[in-house]
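In: pasting the sequence and the predicted coordinates here, then a few questions.
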4 protein chains.
Amino acid sequence: MIYFNCDYNEGAHEKVLQRLVETNMEQTEGYGCDPYCRAAEELIRRKCQAPDAAVHFLVGGTQTNAIVIAAALRPHQGVAAAATAHVNVHETGAIEAGGHKVLVLPAKEGKITASQIDECYQAHVRDDAFEHIVQPKLVYLSQPTELGTLYTLKELEEIAEVCRRDGLYLYIDGARLGYGLAAEGNDVTMQDLARLCDVFYIGGTKVGALFGEAVVISNPVLRQDFRYIMKQRGGMLAKGRLLGLQFLALFEDDLYLEISRHADRLADRIREAFDRKKIPFLVKSRTNQLFPILPDKDLEWLSEKYCYSYQERIDDTHSAVRFCTSWATAEEAVEQLIRDIDKIEGDPAAG
Amino acid sequence: MIYFNCDYNEGAHEKVLQRLVETNMEQTEGYGCDPYCRAAEELIRRKCQAPDAAVHFLVGGTQTNAIVIAAALRPHQGVAAAATAHVNVHETGAIEAGGHKVLVLPAKEGKITASQIDECYQAHVRDDAFEHIVQPKLVYLSQPTELGTLYTLKELEEIAEVCRRDGLYLYIDGARLGYGLAAEGNDVTMQDLARLCDVFYIGGTKVGALFGEAVVISNPVLRQDFRYIMKQRGGMLAKGRLLGLQFLALFEDDLYLEISRHADRLADRIREAFDRKKIPFLVKSRTNQLFPILPDKDLEWLSEKYCYSYQERIDDTHSAVRFCTSWATAEEAVEQLIRDIDKIEGDPAAG
Amino acid sequence: MIYFNCDYNEGAHEKVLQRLVETNMEQTEGYGCDPYCRAAEELIRRKCQAPDAAVHFLVGGTQTNAIVIAAALRPHQGVAAAATAHVNVHETGAIEAGGHKVLVLPAKEGKITASQIDECYQAHVRDDAFEHIVQPKLVYLSQPTELGTLYTLKELEEIAEVCRRDGLYLYIDGARLGYGLAAEGNDVTMQDLARLCDVFYIGGTKVGALFGEAVVISNPVLRQDFRYIMKQRGGMLAKGRLLGLQFLALFEDDLYLEISRHADRLADRIREAFDRKKIPFLVKSRTNQLFPILPDKDLEWLSEKYCYSYQERIDDTHSAVRFCTSWATAEEAVEQLIRDIDKIEGDPAAG
Amino acid sequence: MIYFNCDYNEGAHEKVLQRLVETNMEQTEGYGCDPYCRAAEELIRRKCQAPDAAVHFLVGGTQTNAIVIAAALRPHQGVAAAATAHVNVHETGAIEAGGHKVLVLPAKEGKITASQIDECYQAHVRDDAFEHIVQPKLVYLSQPTELGTLYTLKELEEIAEVCRRDGLYLYIDGARLGYGLAAEGNDVTMQDLARLCDVFYIGGTKVGALFGEAVVISNPVLRQDFRYIMKQRGGMLAKGRLLGLQFLALFEDDLYLEISRHADRLADRIREAFDRKKIPFLVKSRTNQLFPILPDKDLEWLSEKYCYSYQERIDDTHSAVRFCTSWATAEEAVEQLIRDIDKIEGDPAAG
């Protein structure tokens, strides 16, 4: 069985693991107060050209979202997010467990727009009963989105401008950030994110680390007492250096980008294979997640060799599924998959 | 200025107030442990033909919803409700502040259906990632709905059956219950609610009381330790008898139904006036809330004499607004309004 | 049976009730946006000589404490309070339900000191693991305390100075404030409280109102969006004017002080009766709560005529109990009690 | 600088790390649904002789405590724990952030007794105002305690009996469980814990793992939907196998006990060195944490060579500090420390 179902089926990139092995018996301070974390924070600040940003390391994405939002909001404030946003649909209500409502905006290909955000804010302000309604205060985006699509620099700049005008925090979930940075056609850099967001995170778990996310906080208001909230929400790793070491490995020599490019390039090849067979996609993306719409009968035999994830039913005989590549995907696995795609009979669904 | 904007512009029905005045200097136990509360509980149990139900009195609707839901759910469980549900849109995120997500179902005229509820449940169960998604556990309805519409007995029976089958609690918010019970065409009684729901509440604030809601808990599981949660969430009134006394006044001699009928009948007359002018409604209802769609130019002069509430923009020149009657609405006020409705020019919006 | 067990056994002072009756059928805006609330807010600001303070009305004390604290604190911040504080022991964990720890300081006669508060703050700051510990941020006092004692002006000034120096909010729970203001020897005024506290509340429920507490917020930071939190926590009364009207009645003509003085004077007479019999007290106070230590055998026969509340066991044959007077206590009831105290045999406990 | 300040200064035991390295590029399901987690769960069940227990893996101790307690309690229920309990003092209010009060019991050498627990329960039940007070529902112990002491089997059996009688859950935090199991004089086994507790956890982070704790749930009520709560609270590791693999390495061949014994034996040697110099201890323990009371002048020069942690001031010239050994402590480091202890002048504090 070959796993294309998600981008966290393996352990860590060998250089990441190597770092953990080399330093294993060193003695350091705990809780992220060690020299490796310090160095990794500094390295990330440099990569982001954000010398004043605070950088913190956390273990996973749900944890990171919950902590950032708990640290940012007062009890009556909510999170504006796409209907498809991870915080809305795949975190078992972690945001609500922290006391905050997710204010759902209809998404198009996983994305929301500056004008949707502004309208959400303005509708609140002009409502006579505004105090009876959750106050929008933080905008949550993911880059790439849950559907593998990307915001363009222009889109992000427009969103950031609306947020600043309306007094909203802009937060970007970068669980798969590497695959966005390395994608064909992407024009958004980490420096852009640090400049445009109040806070964002760089995902490690899905991009070469055993686990780990690096939160970059540009807005000084959001930096205050952040580590208290980390500790309270169970996000302060005792052996914090494990996180610093992994991000050092990922960002020295630009390993992060290099391995993301590997995944994106393999995804491109699979995409082209589907295209050749005129298989439509639920959404067109250039990152490591592909959402082809396939005949159920083909999915049946494919599922004997490949693990993919189910997305949604399209019609009586077709389903959208997800194939992911990652830093760890083997060329041969992709070649085998492509050969099998070529065997699909060619009864393309109406997309 | 005559107020038709809501159903809580005045104080209490004179018989309710009378009771408070008569008993004012009596000494009783606090916190709802007095003989008046006991008697009111018993009276309500009798009216509901629910001899084993627990009855508790609370001060207001948002408080009641928050307490019932906090008492019923574990942290990972959510509330399935119509998009238009009060808990979803007009309680400043009280449910989320208690840690629970509102799972929004598209509403039709303020209502949701048994099959929507079942689908919400089934979709959760069959999702591969079900543990990553909030578990539906309680269904919230309002009767009448926020748009003044009513569930029929058949609809409620179907919903109750789905809830029992799927292990969901059924909770009905009866903030305006009286206006539902007294409406033309209604076929749902309090006994039906006690029989079909796990828990529901009888609204007093909007139906003749100074304030107060009576929670009726049929399901024994939900009764346990309910008063702890009341106290913790600030809902246990020190002079609890004020609530018992008001509900005694409302339910002895069926005052509750009588005054609700008054409101509904006046609403019917206003409805007929709009109908005569071919003014369309956002939603057709037979209870005390009317949602006519009016030309903005007419709304302008009407707003000089009447206070109504704004509902939503329909098109460039028309808006939906809300006119409410209540137990306290004066016949003359309605007659004056009807005369003014007759002056509307008759440029009916496309409904 | 005569009730001395607490100060909320009756309804409201007749002048308060009168106001509700007079205005009963008037139509006003809801949610505290009516002219009576406006007038009461203004009157309280004037009485407090705090022209910029925000004044909000809530229904009860637990609700008020929960809302003030939810509005003031971030998730990692806690409430420093006496071990005997109402928020620590008698609100079913309402503060914790809002996410905040109560940092308990040992109390002496229900009170804590400026130096205890400073030490609590300093201990946090100097702890190496400070981020692993709840950050003290708000100091909760009650005036009078739960044991009927009073802070002197000097004590409050010292506490306020420490709070300002250490960046802590000072919040005073005035559930029984009237009985403090009117007590023999008291030197603290409402103006002092408005000047020294960031926020405090004036209790109505126990001092002449049917229900109601008036929150006075001096610190502009704490004013922001306060009504959102009120709504979210179920504390925004639909017919908000009921609160404004009651506080108008209580503060016009200084009724609040006058009726408090009545209660305190009657308590003084009961105290003197105990003193004459050399009955010791758990705590010496001059407000409306008395905590005599009585032989169990006398408590037995007293309990057939009087309702008092049990405080704690002192030794094998003695218990401390609580007798309260209130604005509503009848002179004759006190005279009867005094005659019965005179019958106590005179086997005084070792205090 | 040699670190004796805590037991998480290094990475993982080489056999643990070896497992991660060996399996690094294998593909498995995520979220703990892989064969390694299954095998580790089964192994732990066997070691505990608890064939029906649920076993779940989490990343750290604060997270584990927060999740277990969130899963177990209703909103009005609290956690009875020693004043010195980790959940009370070193988790930044994580339990309160989850909505629950910690009901503090005075501790003796870090421990509480069955009779204290029973009294806490009985006091609640017999209080007239019980609904105004947090309901005790879960008892939290740590084994070893935060002060390195151990409950005996007899003590635990008494506590478990009280808990069962009073309907309280018994939960044991085993962050340092190995050092307890391996201690001289210990008579409590993992089987005892599985038999006596409703739920407990086996600490990995401090005993040979990179990170990780294994929760063992004996009580079927507490098993229900546990993984939802794990996910919601950010405790479900994407690459869950990392936890299963580590616990497999720790529990195959009893590595866990073997490396714990190493730490305890080294601690014994350091203890003997202090004893020889008549240095008193804050608390006598036989596990890996030592709390000697040392003259400040000696601490000064010791701190140039050793990192220890500060516990508390004893008098003007003495402080209690903590020296920890661990699975990773080198014999030579201990020998060097012993030589230095021998140089302490011998001005023993009054203990």
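Out: In hand now; what should we look at?
In: only C-alpha atoms from now on, for both contacts and neighbour counts.
Out: Noted.
In: those residues of the stretch 51-200 of chain A touching chain D, which are they?
Out: For the stretch 51-200 of chain A, the contact set with chain D under C-alpha under 8 Å from any C-alpha of the partner chain comprises A:60-64, A:66, A:91-94, A:97.
In: and the residue of the stretch 151-300 of chain A found nearest chain D, what does it touch?
Out: Closest contact between the stretch 151-300 of chain A and chain D, by C-alpha to the nearest C-alpha, is at A:G234 (4.2 Å). A:G234 sits next to D:60-64, D:66, D:94, D:234 when contact means C-alpha atoms under 8 Å, 6 or more residues apart in numbering or on different chains.
In: that older thread, mind putting the residues of the stretch 51-200 of chain A next to chain D in TSV, secondary structure included?
Out: TSV is the format used below for those (DSSP: H, G, I helix; E, B strand; the rest coil):
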residue	secondary structure
A:G60	coil
A:G61	helix
A:T62	helix
A:Q63	helix
A:T64	helix
A:A66	helix
A:E91	coil
A:T92	coil
A:G93	coil
A:A94	helix
A:A97	helix
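In: ok, and the most crowded of the residues you listed?
Out: Scoring those on neighbours with other C-alpha atoms under 10 Å in any protein chain shown, the highest-scoring entry is A:G93 at 35 neighbours.
In: now that one: phi and psi?
Out: phi 70, psi 30 (degrees, to the nearest 10).
In: what about it, distance to D:V207?
Out: 33 Å (C-alpha to C-alpha, to the nearest Å).
In: before we move on, the earlier item: the residue of the stretch 151-300 of chain A closest to chain D and chain C, how far apart?
Out: Distance check for A:G234 against chain C: by C-alpha to the nearest C-alpha, to the nearest Å, it reads 11 Å.
In: where does that residue sit: helix, strand or coil?
Out: Once three-state DSSP is applied, A:G234 turns out coil.
In: and whichever strand or helix holds A:R165, what does it pack onto?
Out: Applying DSSP states H and E as the criterion places A:R165 in helix A:153-166. When contacts are defined as 3 or more C-alpha pairs under 8 Å, 6 or more residues apart in numbering or on different chains; DSSP states H and E, helix A:153-166 packs onto helix A:114-126, strand A:169-174, helix A:190-196.
In: deepest-packed of these, please.
Out: strand A:169-174 (a mean of 25; mean count of other C-alpha atoms under 10 Å in any protein chain shown).
In: so what touches that one?
Out: Residues contacting strand A:169-174 (C-alpha under 8 Å, 6+ apart): A:65, A:137-144, A:160, A:163, A:193, A:196-203.
In: hey, what's the nearest residue to A:P295 once chain neighbours are set aside bridged with?
Out: Computed as C-alpha to C-alpha, 6 or more residues apart in numbering or on different chains, the closest residue to A:P295 that is not its neighbour in sequence is A:H318, at 4.4 Å. Beta bridges link A:H318 to A:P295, A:D315, judged by DSSP bridges.
In: A:H318 reaches A:E300, doesn't it?
Out: No - if you go by C-alpha atoms under 8 Å, A:H318 and A:E300 don't touch, sitting 11.2 Å apart.
In: so which of those two has more stuff around it?
Out: Each of A:H318 and A:E300 has its neighbours counted (other C-alpha under 10 Å); A:H318 has more, 22 against 10.
In: what's near enough to touch the more buried one?
Out: With contact set as C-alpha under 8 Å, 6+ apart, A:H318 has these partners: A:293-296, A:349.
In: go on, A:R165?
Out: Contacts of A:R165 by C-alpha under 8 Å, 6+ apart: none found.
In: before we move on, back to that, could you dump the helix holding A:R165 to CSV, C-alpha only?
Out: This file holds the C-alpha atoms of helix A:153-166, laid out as CSV (Å, rounded to 0.1, in the frame of the first residue of the first chain):
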residue,chain,number,x,y,z
LEU,A,153,0.2,38.8,-2.9
LYS,A,154,-2.4,41.3,-4.1
GLU,A,155,-5.2,39.4,-2.4
LEU,A,156,-3.3,39.3,0.9
GLU,A,157,-2.4,43.0,0.6
GLU,A,158,-6.0,43.9,0.2
ILE,A,159,-7.0,41.7,3.1
ALA,A,160,-4.3,43.2,5.3
GLU,A,161,-5.4,46.7,4.4
VAL,A,162,-9.0,46.0,5.3
CYS,A,163,-7.9,44.3,8.6
ARG,A,164,-5.8,47.3,9.6
ARG,A,165,-8.6,49.8,8.7
ASP,A,166,-11.2,47.8,10.6
